Each structure stands twice: as structure tokens, then as C-alpha cells.
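**Student:** The amino acid sequence is not available; the structure is as follows:
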């Protein structure tokens, strides 16, 4: 158990819909990261927040957005969903903003039909 | 961050040491080498990291060559539960902790 929690574990939805994925970091960690893992793209960094502020952006689509709240939990919002958005979405956390030692949650498996 | 190259797959007999190589010939002086693994579709798990000295923890040992162009992750007594994809990642000390994952090495531990 990494101490990072993600909800829901599984999500099935239809194209065009909007979903919200939630992540609670380990106690004391200020950084939250979101990664997407699809079969053809591997693990891809999406976005990082540090203490409530956006810190880095990766290959995140404009239809996707995220935020980190004052209690440090984070949400990833995915809208206008397409079939290709079906993937595993992982959240990770670290103490520092540049920390390479990250603890990953169990992931949310999203299936868009 | 440095580009890393790993063999796509390796086999290891249960109980034997598993030695996973990684080439990172373009690594710069302040970049660390990180190792993670992912068992089936679980979240990646941090294993170990190092800069230039060899490192050991309860999970593994990391041997970095003197020129820092390559490294080897050693699992001293592999078990079936060590079957996973192992990722070697070069990461600098910039202002972000983002990790760039490659394709990794699929390690199959066989009985």
C-alpha cells in the first residue's frame, strides 16, 4: 500500500460524457502527479501540482483539466470523452516539487464506450 | 532528462539474481538514475535511485558504472512476485518531478 488513494477504481462511460477522477496523496506530500497509461502510448505524464499550484504540464489534452485543493487532494476532469481516452489513469505523490521518488496510487481504469 | 535504453524482455530463474541493464550514455552530471517497476496493471512502484555511487536498499542494488553511461539493477534472489516491467529513468534536478517512462524491460521470473 503506497498511501495514495484513487477513486473510483473502475469507470465505464459513453463518448461525449464528462468524468472526474479523484486522488488523495500520501500524508505530508505536497506534489501530485497525473499519468495516463494506454496500450499504445505507455505511461505518459499529464500534469503536476505542487501545494495547490500547477507546476508542470505534459501531453495533456485541452479537454482534460486538473486541480489541487487546499487539503492537497487532486481531481482530474476529463470531458467530451472519446474512445481513445480509455486508459488507466494513475496519480502519484511526492514530498518535494522536483521529487523523483514518487508513490503511485492503484489507478482508475476508464472505459469509454 | 537523459534518454535510456533497456532490453525489451529478460528471463530469470526463481531464486537466482536478476540483473537488469540500462544504458544512459547522454546522462548529465546532475541527473539521477531511477528505477521503478510495474506489476501487471498496478501502479508503478519506486525501487531505488542513485547518482554515481552504488546504492542498496531492502529491495535491490543499483550499480552505476564509473563513467555513468550505464547501470544495472540487481534483484539478489528473484521470486515469482518480481515478475514485472522494470523502468530505468534518468531525471535531472529541475523544478518538476515529472517522470518520463520508456518501454522498460519485462522481467519474467520462472520456477
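**Tutor:** All right, it came through fine. Because the structure is predicted, anything quoted here is derived from the model rather than measured.
**Student:** For the residue nearest to the spatial centre of chain A, which non-adjacent residue is spatially closest?
**Tutor:** Central residue of chain A (CA atoms, centre = their mean): residue A:34, 3.3 Å from the mean position. Spatially, and ignoring its direct neighbours in sequence, residue A:34 is nearest to residue A:46 (4.3 Å; CB to CB, 6 or more residues apart in numbering or on different chains). Any C-beta I mention is one placed from the backbone N, CA and C, and that applies to glycine too.
**Student:** what residues does the helix or strand hosting that neighbour touch?
**Tutor:** In this assignment (DSSP states H and E), residue A:46 forms part of strand A:42-50. Strand A:42-50 has contacts (CB atoms under 8 Å, 6 or more residues apart in numbering or on different chains) with A:30-38, A:54-60, A:64, A:66-68, A:74, A:76, A:90, A:97, B:38, B:44, B:87, B:96-103.
**Student:** Give me the buried positions along it.
**Tutor:** By neighbour count on 16 or more other CB atoms under 10 Å in any protein chain shown, the buried set for strand A:42-50 is A:43-50.
**Student:** quick one: residue A:23 and residue B:43, what's the gap?
**Tutor:** 11 Å (CB to CB, to the nearest Å).
**Student:** thinking again about what came up before, I'd like the buried residues of strand A:42-50 as CSV, with distance to residue A:106 and pLDDT appended.
**Tutor:** CSV is the format used below for those (distance: CB to CB, whole Å; pLDDT from 0 to 100):
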residue, distance to residue A:106, pLDDT
A:43, 14, 93
A:44, 18, 95
A:45, 18, 95
A:46, 17, 96
A:47, 19, 96
A:48, 19, 96
A:49, 20, 96
A:50, 22, 96
